[in-house]
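**Q** Sharing a model that was predicted from the sequence below.
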Amino acid sequence: MKTKLLRILRETKEYVSGQQLCECFGVSRTAVWKMIGQLKEEGYEIEAVKNRGYRIVNTPDVMSSQEILSRLHSEWMGHKCIHLTSIDSTNNYARKIAEEGALAGTLVVADEQTAGKGRRGRSWETPDHVNIMMTLLLRPRIHPGPAPRMTLLMAMAAAQSIRAETGLEAFIKWPNDVVLNGKKVCGILTEMSAEVDYINYVVVGIGINVNQESFPGELARTAGSLYLALGKKISRAALAVRIVERFEKLYETFVKTEDLRELYEEYNGMCINCGRQVQVREPGNVYTGTTDGINEKGELIVRREDGETVCIYAGEVSVRGLYGYV
Ligand code: BTN
């Protein structure tokens, strides 16, 4: 009920009368007043004006499921939203509930991760309550091979949503980091449970540095936040919802063909590596080249200095700019 109340308050430009709310929920004025009181206790600023009604004035920066669901306009993704105050990792949690049969599209969000995971076995450490930590559980009916491309879709969804929400020019650093002013603001970790020809589930986890004010030591050289780039704080829930809505669209396009034929040009338009020199680091081999972006398989096409063109797959290599992270 509180989710619906929030949605009505948020989507009505003018005041919503107590009477309208009573009719909408089929409850007494006292019950409406109590619900409004509960929202106020949770940090929502709601103005109540005699003979006019209620109006939402300020929303706290919370990632509660009611805050997320009251903003969400997707077809199916995120309709089940689980908010955890503290968890080891939202990816681990999503995998656990996937094993127990949770629905495709379930979204897991957390205020705090005690053992957040990054790519290649690294850890992902992020302060509590200021950044986005969330994971989507999916059960695509596609071959397991192309599933890692979903990571690139999430990078696109994140970069586009950051642009829409902040007006800042977010770019993707291949394959799936999102960068602002040359600093990493977002990381994505996709994990899968599959048989040779069948996917049980895929979890796509994303961490975004949203309202973080500073970074310790060495990290400050390569990591940034939306706050540091924009100079003001934004609603994490608004950004998270935008990402889910955008990802849903990209995912629907992707599962039709299992490749990126309809999406790779859009990806390349946001890829910071395009037209630049890159240094490719493979196990036991480092070389430089130039890239114009990815192909429909999501591989980075690199023209090596010796003239040979190679298509590199995200799994084993890392790509950096010649003079630093990008
Ligand atoms: C990277 O190394 O760049 C990937 C970082 C992914 C972090 C996110 S935070 C939410 C989800 N849960 C995790 O444990 N990791 C991902």
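**A** Received the coordinates, thanks.
**Q** got the residues of this structure near the ligand?
**A** 89-91, 113, 116-119, 122, 124, 133-135, 187-189, 205-207 (CB under 6 Å from any ligand atom). C-beta: built from backbone N, CA, C; applies to glycine.
**Q** In helices, which of those residues appear?
**A** If you go by DSSP state H, the residues of the chain next to the ligand have 90-91 in helices.
**Q** Need the buried ones from the residues of the chain next to the ligand selected in PyMOL.
**A** With 16 or more other CB atoms under 10 Å as the criterion, this PyMOL line picks the buried residues out of those:
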select buried, resi 89+90+91+113+116+117+119+124+133+134+135+187+188+189+205+206+207
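**Q** Mind checking which of the residues of the chain next to the ligand are in strands?
**A** Here DSSP state E is the test, and the residues of the chain next to the ligand give 133-135, 187-189, 205-207 as lying in strands.
**Q** Which residues are in contact with the residue lying closest to residue 114 once chain neighbours are set aside?
**A** Distances taken as CB to CB, 6 or more residues apart in numbering place residue 88 nearest to residue 114, at 5.2 Å, with adjacent residues excluded. Under the criterion of CB atoms under 8 Å, 6 or more residues apart in numbering, the contact list for residue 88 reads 113-115.
**Q** Kindly report the same for residue 320.
**A** Contacts of residue 320 by CB under 8 Å, 6+ apart are 278-279, 281, 326.
**Q** from what I can see residue 238 touches residue 165, true?
**A** Yes. Using CB atoms under 8 Å, residue 238 makes contact with residue 165 at a distance of 6.3 Å.
**Q** more crowded one of those two?
**A** Between residue 238 and residue 165, counted using other CB atoms under 10 Å, the more crowded position is residue 165 (20 against 17).
**Q** For the residue nearest to that one when sequence neighbours are not counted, give me its contacts.
**A** Computed as CB to CB, 6+ apart, the closest residue to residue 165 that is not its neighbour in sequence is residue 239, at 5.0 Å. Each residue near residue 239 by CB under 8 Å, 6+ apart is listed here: 132, 161-162, 165, 208, 210, 226.
**Q** again, only this time at 10 Å
**A** Going by CB atoms under 10 Å, 6 or more residues apart in numbering, residue 239 touches 132, 158, 161-162, 164-166, 208, 210, 226.
**Q** repeat for residue 312
**A** Counting by CB under 10 Å, 6+ apart, residue 312 touches 174-175, 278, 280, 282, 289, 291, 294, 299-302, 319.
**Q** so which of those comes closest to residue 32?
**A** residue 175 (49.3 Å; CB to CB).
**Q** among the contacts of residue 239, which are in strands?
**A** If you go by DSSP E, these have 132, 208 in strands.
**Q** can you put the ones in strands among the residues of the chain next to the ligand in JSON lines and add distance to residue 218 and pLDDT?
**A** Formatted as JSON lines, these follow (distance: CB to CB, whole Å; pLDDT from 0 to 100):
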{"residue": "133", "distance to residue 218": "22", "pLDDT": "98"}
{"residue": "134", "distance to residue 218": "26", "pLDDT": "98"}
{"residue": "135", "distance to residue 218": "27", "pLDDT": "98"}
{"residue": "187", "distance to residue 218": "16", "pLDDT": "96"}
{"residue": "188", "distance to residue 218": "22", "pLDDT": "97"}
{"residue": "189", "distance to residue 218": "21", "pLDDT": "97"}
{"residue": "205", "distance to residue 218": "24", "pLDDT": "98"}
{"residue": "206", "distance to residue 218": "23", "pLDDT": "98"}
{"residue": "207", "distance to residue 218": "18", "pLDDT": "98"}
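**Q** can you redo those as JSON lines with distance to residue 24?
**A** Below are those laid out as JSON lines (distance: CB to CB, whole Å):
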{"residue": "133", "distance to residue 24": "34"}
{"residue": "134", "distance to residue 24": "30"}
{"residue": "135", "distance to residue 24": "33"}
{"residue": "187", "distance to residue 24": "41"}
{"residue": "188", "distance to residue 24": "39"}
{"residue": "189", "distance to residue 24": "41"}
{"residue": "205", "distance to residue 24": "36"}
{"residue": "206", "distance to residue 24": "34"}
{"residue": "207", "distance to residue 24": "37"}
